[in-house]
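Engineer: here is a sequence with its predicted model. Questions after.
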Amino acid sequence: MEYSPRFVFPRLTSFIKKLIIILLAAYVLELILMNFAGIPLFDWLALNASNLGVATIWQIFTYVLVDHPSAVMSLLFGLLFIWLILSPFEMLYGSKHTMQLCAVGVLSGSLSAVVIHALLSGFSLGPSGLWGSHTIAYAGMAAMAATMKGRRLSLFGLFSMTSNQLLLLLVGLSLLMFLASKNLAMLVGSLGAIAGGVWYVRWISRPRAYKSTRSQGKTTSFKVIQGGQSSNSKPPTWLN
């Protein structure tokens with residue numbers, strides 16, 4: 001199994017199916033708790049990069065579980081992209097590497113946003129936060145580009161491009177989203193996820209150095225005496 005240079009609608013793989021169900025269920029729970037119980041789950045779990053504090057410790061992990069309450073179509077398109085991009089990745093690399101890639105996308109996005117905002121804390125950056133599963137989708141698309149390096153691919157059957165052009169397209173989309181929202185955390189998080197996806201594929205594809213399985217002799221304090229030979233006798237005496 002490998003990425004096809006032509007668009008093929010992939011089957012929904014095991015881990016990606018579970019991931020989509022979890023993300024969709026978390027969004028429904030968010031809407032119920034916020035709109036009917038008055039619990040500000042979005043404020044608790046989304047990464048508030050403009051106000052780093054104790055809550056940042058869990059928000060760097062939990063931001064992916066919540067999305068803007070009014071972004072229903074954005075969420076659905078994001079889950080569709082995760083299906084189209086990461087199902088082929090799981091068929092190619094397996095569930096373990098797919099889970100690790102998702103984790104890399106989530107953490108590289110959030111940690112990048114935290115580091116940049118910490119470095120620019122003296123500047124007035126305005127409200128800036130990170131939420132949603134787009135970092136997983138960006139990491140997956142960047143991983144696909146890294147896997148298809150040097151080859152042309154068809155982006156969802158719409159148009160053909162090289163892997164480098166796909167990476168430039170992802171960066172361009174990130175900048176476009178920033179111009180529309182002026183949300184620095186979203187920009188930095190997207191770029192961090194792209195870098196994380198490329199790095200992960202290169203890391204798992206790196207040449208491995210194998211150690212020799214031959215055991216090396218070890219010295220001991222015991223002295224071997226052949227066939228009844230005493231430690232002081234010169235000629236060997238063999239047991240009959």
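Structural biologist: Thanks, I have the structure now. Numbering: from 1, shown residues only.

Engineer: give me the neighbour count for A143.
Structural biologist: Neighbour count of A143, defined by other Cβ atoms under 10 Å: 30. C-beta here means a position set from N, CA and C on the backbone, and glycine is covered the same way.

Engineer: show me what the longest helix seen in the chain is packed against.
Structural biologist: The single longest helix within the chain, with elements called by DSSP state H, is helix 95-119. In this structure, helix 95-119 packs against helix 14-36, strand 47-48, helix 56-62, helix 72-93, strand 129-130, helix 134-147, helix 184-204, with contacts taken as 3 or more Cβ pairs under 8 Å, 6 or more residues apart in numbering; DSSP states H and E.

Engineer: chain center to the least confident helix or strand in the chain by mean pLDDT: distance?
Structural biologist: When each helix and strand of the chain is scored by mean pLDDT, DSSP states H and E, strand 152-155 comes last, with a mean of 74. Distance of strand 152-155 from the chain centroid (Cα atoms, centre = their mean, to the nearest Å) equals 22 Å.

Engineer: buried set for that strand?
Structural biologist: L153 (16 or more other Cβ atoms under 10 Å).

Engineer: what packs against that strand?
Structural biologist: Secondary-structure packing of strand 152-155 (3+ Cβ pairs under 8 Å, 6+ apart): strand 159-162, helix 163-181.

Engineer: from the rest of the structure, what touches the longest one?
Structural biologist: Just to be clear, that refers to helix 163-181. 138, 141-142, 144-146, 148-151, 153, 155, 161, 183-184, 186-187, 190-191, 194, 198 (Cβ atoms under 8 Å, 6 or more residues apart in numbering).

Engineer: how about low-confidence regions in the protein?
Structural biologist: 1-8, 155-157, 209-240 (pLDDT under 70).

Engineer: and the nearest residue to I20 once chain neighbours are set aside, how many neighbours?
Structural biologist: Setting aside the residues directly before and after it, I20 is nearest to L79 in space (Cβ to Cβ, 6 or more residues apart in numbering), at 5.1 Å. Applying other Cβ under 10 Å, we find 20 residues neighbouring L79.

Engineer: kind regards, and thank you for your time.
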